[in-house]
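J.: missing the sequence, but the structure's below:
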């Protein structure tokens with residue numbers, strides 16, 4: 001076996017190992033959710049859908065309420081965040097202004113503050129405005145929390161778009177806002193979709209803010225709801241927790257499958273088509 005074949009074999013083996021290593025927790029989660037006992041590897045397989053029936057059918061768990069809250073809050077947070085980040089990225093990459101790099105570094109520095117260091121002050125602010133246990137109590141912090149990441153990603157995308165497109169649009173009589181919405185946004189669509197998806201996932205998975213700033217199922221999100229399964233039952237219902245986690249993955253999986261073409265699409269390809 002020559003050196004080239006050995007190299008290809010090692011690449012394939014490494015790729016297979018990484019795929020199996022990454023998928024194992026998800027496969028184990030699904031298998032646990034469809035078995036009566038969580039230690040099915042020791043006691044043997046006993047397949048059932050009872051865990052899914054309990055999670056989706058027992059009203060006292062409020063699983064569907066938690067899921068609905070997570071989807072609504074994450075969607076609104078991601079849309080607003082991406083819109084603000086797009087305007088900021090356009091200003092940083094296209095407009096003449098001093099200290100651009102310091103703005104980016106300042107935003108990056110702000111994002112490094114740990115959530116636990118801000119939650120006390122944030123709780124007092126939300127109490128003052130009467131937002132505790134309401135959607136705004138999570139939407140506003142999520143926008144501020146996700147904005148630095150979204151800005152950095154979109155700045156990198158906007159900076160790769162050729163400036164010749166701006167010049168051509170200016171010659172055609174477009175204003176700066178027309179250039180942004182009719183030229184740059186369509187070209188940067190892959191970056192905008194990927195940023196929106198990442199923002200949605202960040203908000204969807206957030207735990208600390210949702211735990212402190214909500215009190216019941218009216219606005220509590222799914223990570224906190226699943227974590228409270230233990231308190232509701234007096235023990236750890238692993239089957240129901242895994243079933244709830246499996247169902248929770250579906251919105252993220254659906255978004256990824258629907259928008260994968262836009263996410264992996266190249267900016268150069270978009271510019272040529274535009």
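T.: Here it is on my side, so go on. Computed from a prediction, not measured in an experiment: that's the story for all the values here.
J.: all contacts plus neighbour counts: C-alpha atoms, from now on.
T.: OK.
J.: quick check, central residue of the protein?
T.: Closest residue to the average C-alpha location of the chain: residue 201 at 1.4 Å, with CA atoms, centre = their mean.
J.: per-domain residue ranges of the protein.
T.: 3-33, 60-273 (automatic domain parsing).
J.: give the buried residues for the shortest one.
T.: What it means is domain 3-33. Residues of domain 3-33 classed as buried: 29, 30, 31, 32, 33 (neighbour count, 16 or more other CA atoms under 10 Å).
J.: can you put those in a markdown table and add pLDDT, distance to residue 52 and secondary structure?
T.: Formatted as a markdown table, the buried residues of domain 3-33 follow (pLDDT from 0 to 100; distance: CA to CA, whole Å; DSSP: H, G, I helix; E, B strand; the rest coil):
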| residue | pLDDT | distance to residue 52 | secondary structure |
| --- | --- | --- | --- |
| 29 | 89 | 13 | helix |
| 30 | 89 | 11 | helix |
| 31 | 88 | 12 | helix |
| 32 | 88 | 11 | helix |
| 33 | 87 | 8 | helix |
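J.: for the stretch 51-200 of the chain, what spans make up the helices?
T.: Along the stretch 51-200 of the chain, counting by DSSP state H, counting those that start in this stretch, helices occupy 63-94, 100-111, 115-129, 136-160, 164-171, 176-179, 185-187, 189-205.
J.: which one of those lies nearest to residue 23?
T.: Residue 23 sits nearest to helix 189-205 of all the helices of the stretch 51-200 of the chain, at 18.3 Å, using CA to CA.
J.: what's the following helix or strand after the closest one?
T.: Under the assignment DSSP states H and E, the closest C-terminal helix or strand after helix 189-205 is helix 208-213.
J.: what's that next one in contact with?
T.: Applying CA atoms under 8 Å, 6 or more residues apart in numbering, the contact partners of helix 208-213 are 115-116, 119, 123, 126, 132-133, 137-138, 141, 220-221, 224.
J.: want to throw those residues into CSV with distance to residue 257 and neighbour count?
T.: As requested, those are exported to CSV (distance: CA to CA, whole Å; neighbours: other CA atoms under 10 Å):
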residue, distance to residue 257, neighbour count
115, 31, 14
116, 34, 10
119, 34, 16
123, 37, 16
126, 36, 18
132, 35, 20
133, 32, 20
137, 30, 25
138, 27, 27
141, 28, 18
220, 27, 29
221, 23, 32
224, 26, 21
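J.: of all these, which comes closest to residue 83?
T.: residue 141 (15.9 Å).
J.: list the contacts of that closest one.
T.: Applying CA under 8 Å, 6+ apart, we find residue 141 in contact with residue 209.
J.: roughly how far does residue 18 sit from residue 25?
T.: 12 Å (CA to CA, to the nearest Å).
J.: hmm, back to that, the residue nearest to the centre of the chain contacts residue 250, correct?
T.: No: in this structure, residue 201 is not within contact of residue 250 by CA atoms under 8 Å, at 11.9 Å.
J.: picking that back up, how about the residue nearest to the centre of the chain: what's its closest non-neighbour residue?
T.: Distances taken as CA to CA, 6 or more residues apart in numbering put residue 252 closest to residue 201, at 7.0 Å, once the chain neighbours are dropped.
J.: what's the burial count for that neighbour?
T.: Residue 252 has 16 neighbouring residues, counting by other CA atoms under 10 Å.
J.: then residue 161?
T.: 18.
J.: so for residue 1, what's the pLDDT?
T.: Per-residue pLDDT puts residue 1 at 60.
J.: over to residue 101?
T.: With respect to pLDDT, residue 101 scores 81.
J.: same question for residue 265.
T.: Value listed for residue 265 in the pLDDT field: 54.
J.: again with residue 173
T.: Residue 173 is assigned a predicted lDDT (pLDDT) of 81.
J.: go on, residue 273?
T.: At residue 273, the model reports a pLDDT of 42.
J.: picking that back up, pick the one among the buried residues of domain 3-33 closest to residue 110.
T.: Using CA to CA, these come closest to residue 110 at residue 29, 35.7 Å.
J.: residues contacting the closest one?
T.: 242, 243, 245, 246.
J.: ok, 7 Å please
T.: Contacts of residue 29 were listed using CA atoms under 7 Å, 6 or more residues apart in numbering, and they are residue 242.
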